[in-house]
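Asker: Model the following, please.
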Amino acid sequence: MRGPRLPRVNWSRTAAALRTVRTRRLAVQVVMAGCVLALLPSAWMHAVAADRLRTTADAPAAEVAVVFGAGLWRGQPTPYLADRLDAAAELYRTGKVKVVLVTGDNSRTEYDEPNAMRTYLTGQGVPDTQIVSDYAGFDTWDSCVRAKEIFGVERAVLVTQGFHIRRAVTLCQAAGLDSYGVGVADVHDATWYYGEAREVFAAGKAALDAAFKPAPRFLGPKEQGVSQALAALAD
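Answerer: Sure thing, here's the model as predicted:
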């Protein structure tokens, strides 16, 4: 007596299904590995800057505050840049710093971040003699290297937005500048969210800058602005 007939197995279809499962699993693993690798630079920056973040109230005393540019609107500092400058002015008024180094973009005649920053600071009561301009701070790495190599700054309080401060501290540390960071808080608007998202990608470039230490776009001769401003206070 014959038993029940077993269904025939289509081995070619089974093999194809297994290959599809394996391919999907591999794709998921590749994506997950990519995400981990993409986030490693951000984790590295958080680790480096973890114990170097302060507020204007508890920032350590330093001779120099470095304020990074954040764009102009019709020749005036954007609200984000104005917030940075307000924090720097507070550091000066409370005696935490003696000189403010403003670093930004002046790559074309009609766009002059450092002078707009200087004008704003003088309006906040910071003496013009205690403001030094870096006209070739084209990005964070360039600003850090130039502060150390061109302006002779050894220790500084960095002032920028909260989403940027870890990268600024990490890169200035890599450039040999003993740095503490004051991250300015802002309303979480579209610009803030853009800045947060941009930092994920900028972290990768920051890691490369710290590892390979490229020369700034423009280095130029050493400048005595910071030392002269400090010397003027001693006279």
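Asker: For this structure, which segments count as helices?
Answerer: In the chain, the helices defined using DSSP state H lie at 11-49, 79-93, 113-123, 140-149, 162-174, 190-212, 225-234.
Asker: Now tabulate the ones you listed in TSV and tack on mean pLDDT, distance to residue 57 and mean neighbour count.
Answerer: C-beta here means a position set from N, CA and C on the backbone, and glycine is covered the same way. What follows is the helices of the chain, written out as TSV (pLDDT from 0 to 100; distance: least, CB to CB, whole Å; neighbours: other CB atoms under 10 Å):
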stretch	mean pLDDT	distance to residue 57	mean neighbour count
helix 11-49	66	18	12
helix 79-93	97	9	21
helix 113-123	98	20	20
helix 140-149	98	24	24
helix 162-174	96	15	23
helix 190-212	86	22	15
helix 225-234	92	23	14
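Asker: Residue 102 is nearest to which of these?
Answerer: When the helices of the chain are compared by CB to CB, helix 113-123 sits nearest residue 102, at 4.0 Å.
Asker: the inter-axis angle of the closest one versus helix 79-93?
Answerer: For helix 113-123 against helix 79-93, the angle by axes from the mean of the first three to the mean of the last three CA atoms, to 10 degrees is 50 degrees.
Asker: related to what we said a few turns ago, to residue 61, which of the helices of the chain lies closest?
Answerer: helix 79-93 (9.6 Å).
Asker: Pull that closest one out as CSV, backbone CA atoms only.
Answerer: Once non-C-alpha atoms are left out, helix 79-93 reads as follows in CSV (Å, rounded to 0.1, in the frame of the first residue of the first chain):
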residue,chain,number,x,y,z
PRO,A,79,21.3,86.6,14.9
TYR,A,80,23.4,83.5,15.6
LEU,A,81,26.6,85.5,15.2
ALA,A,82,25.2,88.3,17.3
ASP,A,83,24.6,85.8,20.1
ARG,A,84,28.2,84.7,19.9
LEU,A,85,29.4,88.3,20.1
ASP,A,86,27.1,89.0,23.0
ALA,A,87,28.7,86.1,24.9
ALA,A,88,32.2,87.3,24.1
ALA,A,89,31.3,90.8,25.3
GLU,A,90,30.0,89.4,28.6
LEU,A,91,33.3,87.5,29.0
TYR,A,92,35.2,90.7,28.5
ARG,A,93,33.0,92.8,30.8
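Asker: Who are the contact partners of the closest residue to residue 81 other than its chain neighbours?
Answerer: Leaving aside its sequence neighbours, residue 81 sits nearest to residue 70 (CB to CB, 6 or more residues apart in numbering; 3.8 Å). Contact analysis of residue 70 by CB atoms under 8 Å, 6 or more residues apart in numbering lists 77-78, 80-81, 84, 160-161.
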